[in-house]
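1. please find the sequence and the predicted model below.
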Amino acid sequence: GAVVSQHPSRVICKSGTSVKIECRSLDFQATTMFWYRQFPKQSLMLMATSNEGSKATYEQGVEKDKFLINHASLTLSTLTVTSAHPEDSSFYICSVPRQSSTLEQFFGPGTRLTVL
Amino acid sequence: GIQVEQSPPDLILQEGANSTLRCNFSDSVNNLQWFHQNPWGQLINLFYIPSGTKQNGRLSATTVATERYSLLYISSSQTTDSGVYFCAVSSTGTASKLTFGTGTRLQVTL
């Protein structure tokens, strides 16, 4: 399977600060990556699709000015949570689809964000 | 959008028991995956199975696409099988976006 890394794995910040999360595809290039969010005891919800060379597309209800996505290269996508508030505390996970005839996706280890 | 429901929501088993987890979905799919989320949050790919049957060790899965359901079988369960099992699907024309089910929380006891 694909190898996907995320950094940092855990971050604690004060309310009002911005936090950047990196997602890297380590073993193949990815023109598309996905960002999900998971609140405690809940399922994963898709936030946005990161597109290399073009703007990200956001799911309904996700504020694009709050969650900035930059697909800087074919192996790196970043999610920046701007002016974070306690309600943004969550587990953020990225995924990379395999670039082959299948649509199988592989997930990073996740980033746990706590906003005080 | 597509709806995905899993059952049961919670399951407690003794080590060595077998179990069947179910995933129902509301529309045609071109991708269905089963994942195990470990206690640290990592999603581990179990099966990519938009149709048919696959087996991997003590685990097997079957998807009946025409009837819009998938089953995950766990045999001879071990304590390391504990965690949350998710199925996730993408429907035709949604550009690989996965919609996750509600999950089944499995606890295997000694």
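-> Structure's in. What do you need?
2. what does chain B have sitting close to chain A?
-> B:30-31, B:33, B:35, B:40-43, B:45, B:48, B:50, B:86, B:88, B:90, B:95-103 (CB under 8 Å from any CB of the partner chain). The way it works is simple: take the backbone N, C-alpha and C, and place the C-beta from them, glycine included.
3. for ChimeraX, what selects the buried ones among the residues you listed?
-> In ChimeraX, a selection of the buried entries from those looks like this (16 or more other CB atoms under 10 Å in any protein chain shown):
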select /B:30,31,33,35,41,43,45,48,50,86,88,90,96,97,98,99,100,101,102,103
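4. inside helices: which ones of the residues of chain B next to chain A?
-> Assigned to helices by DSSP state H, none of the residues of chain B next to chain A qualify.
5. got the phi/psi numbers for the residue nearest the centre of chain A?
-> Nearest residue to the geometric centre of chain A (CA atoms, centre = their mean): A:W35, 3.6 Å. Main-chain torsions, A:W35, degrees, to the nearest 10: phi -120, psi 130.
6. and the gap between A:F107 and chain B?
-> 4 Å (CB to the nearest CB, to the nearest Å).
7. ok, what's across the strand from that residue?
-> In this entry, A:F107 is beta-bridged to A:S95, by DSSP bridges.
8. that one against B:L43, yeah?
-> Yes: between A:F107 and B:L43 there is a contact under CB atoms under 8 Å: 4.1 Å.
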